[in-house]
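K.L.:
Sequence and computational prediction follow.
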Amino acid sequence: MSNNQTIENVGRRRFLQLTGLSAGGLILGTALPGGGSAWASTAGKAGPLNLFVTVHSDDTVSIVCHRSEMGQGIRTALPQIVADELEADWHRVNVVQGLGDERYGSQNTDGSRSIRRFYDTMRTMGASARTMLEQAAAQQWKVPADECSAKNHAVVHTPSGRRLRFGELAAAAAAMPVPDAQSLRLKDSRQFNYIGKPVATVDAPDMVTGRAQFGQDVTFDNLLIASIERAPVLGSTIDKLDDSAARKVKGVVAIERLDGGAEPPAFKPLSGVAVLAHNTWTALKARKLLQISWSASSHDQHDSDSYLADLQRAVLEPGTTITNRGDVDTAESSASQSHQATYTVPYLAHATMEPPAATAQVSESGCEVWGCVQDPQSVQQQVAAALSMKPEQVTVNVTLLGGGFGRKSKPDFVVEAALLAKKMQRPVKVVWSREDDIRHDYYHAASVEHYRAGLDSDGHVDSWLQRAAFPSISGTFQAGIDHPSNSELGLGLTDLPYAIPNCRTETQRAEYHARIGWLRSVSNIQNAFGVCSFADELAHVSGQRPDSFLLQLIGPDRHVDPSQGDYKYSNYGEELDKFPLDTARLKNVLRRVAVKADLNLRGDHGKNSGEGWGIAVHRSFLSYVGIATKVQVQNGRMKIQEMHCVADVGLAVNPDRVRSQMEGAMIFGMSLALMGEIKMKNGAVSNSNFHDYQLLRMHQCPPLSVELVDSDAAPAGVGEPGVPPVAPSIANAVFAASGQRIRELPISKHLQVS
Amino acid sequence: MQLSINGVSHEFDIDEDMPLLWVLRDELKLTGTKFGCGGGFCGACTIHLDGQPMRGCLTPARFAVGKQITTIEGLSENGDHPLQKAWVEHNVPQCGYCQSGQLMSAAALLATNASPSDAEIDRAMTGNLCRCGTYPRIKAAIKTAAGKNVADNRGGKD
């Protein structure tokens, strides 16, 4: 049950404004105090939440989903929770996509937050609406309300068996006073109809028939399509433009400059030249004829290879201490065995299957946009700032997202559309091409991490030093930041769950030279690759099997609090009381995934079968995930033969979608581990499309399995936590199979991947 | 120029080099065929030309004159192609963006090979990228549609 909840009946007009829905009957809104600041959230101001249920006289129920659908199944899962508490019949539920509005609370659909932040709220919404329907029936029958209970889309008077359908009660229920939140009766979990069940994805029928509408699909009369040539190097602007050839292309309507290049880049559009035409083909074709010379930039010399080489040197030097337990230096001097390693992960791109796209229309009174956006309120703010409007003058329609992974919570592409629509005085759709997407992303930071451990004579780890260097996401938004941030370190590094008496976390300087952003699981990618690889190295150094070594390293069952001195651990924005860092759950996942693997199988260093298993376990986004991978390495080639996932995500609201997220996370993780690398030369990205930024294809995908831990714990993150342990489990398997230790991703740099 | 799309003839006044992808999406507003890469690498724009799977982003409109163009919207009357039903049964789509192209590639495969092996499915589908990672379920759904039992529950349902 959520605390401090106030629930209010909102006016019909307001509801229609929020949803664009033509509705009648019971309209219920709940208002909650804001939910605290969130990772990389710019919609930081705490606002009331408003979430809505409508019962129609035709017996249908509309449930608003205020979060963005990008494949995680949220348009099914959130309404599924409401419908359960409401006692609605799922087949009579319509899901309505909410417009951007701060009254909903955070709509920033990232950080694997939708369920964990809104599970209680959704239940309350359903229960409130159910109570109002029961009270309406009681009034009509002139009986005590506690003799009436909702069941399967109707209210029944238990003593007499009388029954009224929801639709018959819609108008009367809407006139009922809104119940006090504290008085609401939530269902016992044994009574759940939908929560915990694999309810089918509401959008699937539209997705298999081509009817589903994504950002790229928005179209209406009088629409101009814009394709934009952007500055290849961050900070660069247009020096000279010759657009005479492009203007001559039949169908080109206008060529417009977009100002940009100011730093920090934040969510502002990049400097560019837009070609506007009646269709996409013309705009793309004419754009190739633009002759642009770009101004010099301070990032002109940036070369990703030499940048990483510099960081590899830097992490060997003492850095800035962030957390410090015991005395690492003294422990190291008395260690009977020591080991060190440096791990490197390159820049990565999101590469959503749908490149970013947004459509805008600007009038005197405001701006309306349609787009594949993860954070419609951030769109309101950014568009309003660009057009000198107020956020509430910007109406944001959220389409389906053809993948998000963090890219589409950056609204730069929507601002481009709004600026062009204002200039053109007619609706404009900005279409990003794949090349635009690969070359102008908010990249996952290139990173280098150095680890050093001291072991005692029994093979126990006595000291652990971890030193990270990567450009912080914060540097993209705030000038002068040149070290990893505490938030980023809290994603898998400072929250190291190992029982080691002496442990120190340090950072080294790393400046940004490109827009850096959050990509599915964020710095957990490099932190888990480092931590889980290094722990595996130590197992081998000390001559122990990785699973038994890890169990010992994690140590006794306990709740870990990583906060220390000035360092405050953010725990993904949640209280440690509700979401503890629980070593027992981590060890449970470890034991269960270890039995999938034959950790005694050694590839005999490439001889014989060349097969080997690797495991990795990691807690992120408050969930615990273990991955076991079997690979074969022979003659310089490696192939993943099978992969298994064991996940403890707390209560799984929709277990089928949790499984599908874990399947997807394994494939996402394989893509980045095997082939993911964005390269930059002279400040510009060298990759351009899927031939040189490769993703895993079906023939490379091994058999996968997913096992969910049955749990009544509070529902935790699902979209991201499957990703971090994948890369280290593969690298650990490669070592078991071949004796070759992968410390630098992608693996395709060292082995042929097939 | 005249093009036959999903059994209906349409007249267009366009640059004949315009790829079919943009004819469908911009001129005819048939947006089920998706723009993924523009270079034939991802398969999101897969359509059928006289039953053959083609990449709409690389196929100039003039190439399709006199041929039958089929898009996802024309794969079945009511979304009841055996593959579409199997896709829903296995809850295949995540974001859904690549699924039109996946279905069109799979439909072309089953049209010529009623019960493909795993390797044949891989060969037919390897040109279709899915960033969400629905490959195991796509494979399972193709087998279901082909009337095969999926022996294991990998990528299956709860």
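P.N.:
Received the coordinates, thanks. Numbering: from 1, shown residues only, chains lettered A, B, ... in the order given.

K.L.:
and the closest residue to chain B within the stretch 501-650 of chain A, what are its bridge partners?
P.N.:
Here the stretch 501-650 of chain A gets closest to chain B at one residue, A:E642, 9.4 Å apart by CB to the nearest CB. Glycine gets a C-beta too; all of them are placed from N, C-alpha and C. With DSSP bridges as the criterion, A:E642 is bridged to A:K630.

K.L.:
in the chain, which segments are predicted with low confidence?
P.N.:
Going with chain A. Within chain A, the stretches with pLDDT under 70 are A:1-51, A:603-608.

K.L.:
other chain: chain B
P.N.:
If you take pLDDT under 70 as the line, chain B has these spans: B:148-158.

K.L.:
Could you pick out the longest helix of it?
P.N.:
The residue-count maximum for a helix in chain B (DSSP state H) belongs to helix B:99-112.

K.L.:
Give me the next element, helix or strand, following it.
P.N.:
Next along the chain after helix B:99-112, taking DSSP states H and E as the criterion, comes helix B:118-125.

K.L.:
residues in contact with that next one?
P.N.:
By CB atoms under 8 Å, 6 or more residues apart in numbering or on different chains, the residues outside helix B:118-125 that reach it are A:698-699, B:102, B:105-106, B:108-109, B:113, B:116, B:135, B:138-139, B:142-143.

K.L.:
mind redoing it with 6 Å?
P.N.:
Here helix B:118-125 makes contact (CB atoms under 6 Å, 6 or more residues apart in numbering or on different chains) with A:698-699, B:105, B:109, B:139, B:142.

K.L.:
Take those and write them to JSON lines, including neighbour count and distance to B:C98.
P.N.:
Output for those, formatted as JSON lines (neighbours: other CB atoms under 10 Å in any protein chain shown; distance: CB to CB, whole Å):
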{"residue": "A:M698", "neighbour count": "23", "distance to B:C98": "11"}
{"residue": "A:H699", "neighbour count": "14", "distance to B:C98": "16"}
{"residue": "B:S105", "neighbour count": "21", "distance to B:C98": "10"}
{"residue": "B:L109", "neighbour count": "20", "distance to B:C98": "16"}
{"residue": "B:K139", "neighbour count": "24", "distance to B:C98": "14"}
{"residue": "B:I142", "neighbour count": "30", "distance to B:C98": "15"}
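
K.L.:
sec struct for A:K268, please.
P.N.:
Secondary structure, DSSP: H, G, I helix; E, B strand; the rest coil: A:K268 is coil.

K.L.:
burial measure for it, as a count.
P.N.:
21 (other CB atoms under 10 Å in any protein chain shown).

K.L.:
Could you do B:Q2 as well?
P.N.:
9.

K.L.:
measure it to A:F579 for me?
P.N.:
62 Å (CB to CB, to the nearest Å).

K.L.:
And for A:R162?
P.N.:
Taken as CB to CB, the span from A:R162 to A:F579 is 45 Å.

K.L.:
higher neighbour count, the two?
P.N.:
Taking other CB under 10 Å, A:R162 and A:F579 do not tie; A:F579 has more neighbours (22 against 14).

K.L.:
wait, doesn't the more buried one sit right on A:S623?
P.N.:
No. In this structure, A:F579 is not within contact of A:S623 by CB atoms under 6 Å, at 9.4 Å.

K.L.:
Check the secondary structure at A:L241 for me.
P.N.:
strand.

K.L.:
where's A:R452 relative to B:I47, distance?
P.N.:
In terms of CB to CB, A:R452 sits 56 Å off from B:I47.

K.L.:
and A:P376, what is it in contact with?
P.N.:
A:100, A:107, A:396, A:398.

K.L.:
what's the burial count for the last one?
P.N.:
Counted by other CB under 10 Å, the residues lying close to A:V398 total 27.

K.L.:
Same check on the second one?
P.N.:
The local packing count at A:Q107 equals 27, with neighbours defined by other CB under 10 Å.

K.L.:
Surely it and A:Q377 touch.
P.N.:
Yes. With contacts counted by CB under 6 Å, A:Q107 reaches A:Q377, the gap being 5.4 Å.

K.L.:
Not counting its neighbours along the chain, what's nearest A:L400?
P.N.:
What sits nearest to A:L400 in space, not counting adjacent residues and going by CB to CB, 6 or more residues apart in numbering or on different chains, is A:F214, at 5.0 Å.

K.L.:
Could you pull out the buried residues of the longest helix of chain B?
P.N.:
B:99-110 (16 or more other CB atoms under 10 Å in any protein chain shown).

K.L.:
which among those are in contact with chain A?
P.N.:
For chain A, the contacts drawn from the buried residues of helix B:99-112 by CB under 6 Å from any CB of the partner chain are B:99-100.

K.L.:
Let me see the contact set for A:Q694.
P.N.:
So A:Q694 contacts A:M675 (CB under 6 Å, 6+ apart).

K.L.:
got the residue ranges for the helices in chain B?
P.N.:
Counting by DSSP H, the helices of chain B are B:20-22, B:82-89, B:99-112, B:118-125, B:135-145.

K.L.:
now for the second one, which elements pack on it?
P.N.:
Under the contact criterion of 3 or more CB pairs under 6 Å, 6 or more residues apart in numbering or on different chains; DSSP states H and E, helix B:82-89 touches helix B:99-112, helix B:135-145.

K.L.:
From what I see, A:N654 and A:A77 are in contact.
P.N.:
Yes. In this structure, A:N654 is within contact of A:A77 by CB under 6 Å, at 4.7 Å.

K.L.:
List the contacts of whichever residue of chain B sits closest to chain A.
P.N.:
Taking CB to the nearest CB as the measure, the point where chain B comes nearest chain A is B:G32, at 2.0 Å. With contacts defined as CB under 6 Å, 6+ apart, B:G32 is in contact with A:210, B:71-73, B:100.

K.L.:
Chain neighbours aside, what residue packs nearest to it?
P.N.:
A:G210 (2.0 Å).

K.L.:
so that neighbour sits right up against B:L75, yeah?
P.N.:
No. Using CB under 6 Å, A:G210 is not in contact with B:L75, being 8.2 Å away.

K.L.:
And the contacts of A:P376, which two are furthest apart?
P.N.:
A:Q107 and A:V396 (9.1 Å; CB to CB).

K.L.:
quick one: which helix or strand includes A:Q632?
P.N.:
Counting by DSSP H and E, A:Q632 is part of strand A:623-634.

K.L.:
Over to A:R117?
P.N.:
A:R117 belongs to helix A:114-141, assigned by DSSP H and E.

K.L.:
From A:R313, how far off is A:A341?
P.N.:
15 Å.

K.L.:
actually A:R602, sorry about that
P.N.:
34 Å.

K.L.:
higher neighbour count, the two?
P.N.:
A:R602 (18 against 12).

K.L.:
helix/strand/coil for that one?
P.N.:
A:R602 ends up coil, using three-state DSSP.

K.L.:
And it, how far from A:F735?
P.N.:
10 Å.

K.L.:
Spatially nearest residue to the spatially most central residue of chain B, not counting backbone neighbours?
P.N.:
Central residue of chain B (CA atoms, centre = their mean): B:M104, 2.0 Å from the mean position. Leaving aside its sequence neighbours, B:M104 sits nearest to B:T46 (CB to CB, 6+ apart; 4.1 Å).

K.L.:
didn't that neighbour look like it was pressed against B:G56?
P.N.:
No. B:T46 lies out of contact with B:G56 (CB under 6 Å); the separation is 7.1 Å.

K.L.:
Neighbour count for the two, which is higher?
P.N.:
Shown here are B:T46 and B:G56; by other CB under 10 Å, B:T46 has more neighbours (30 against 27).

K.L.:
measure that one to B:D122 for me?
P.N.:
In terms of CB to CB, B:T46 sits 16 Å off from B:D122.

K.L.:
Would you mind splitting the chain into its domains for me?
P.N.:
Because you didn't say which chain, this covers chain A. Domain assignment for chain A by automatic domain parsing gives A:6-197, A:215-297+A:356-431, A:315-348+A:442-753.

K.L.:
nope, chain B
P.N.:
Split by automatic domain parsing, chain B gives B:2-74, B:82-145.
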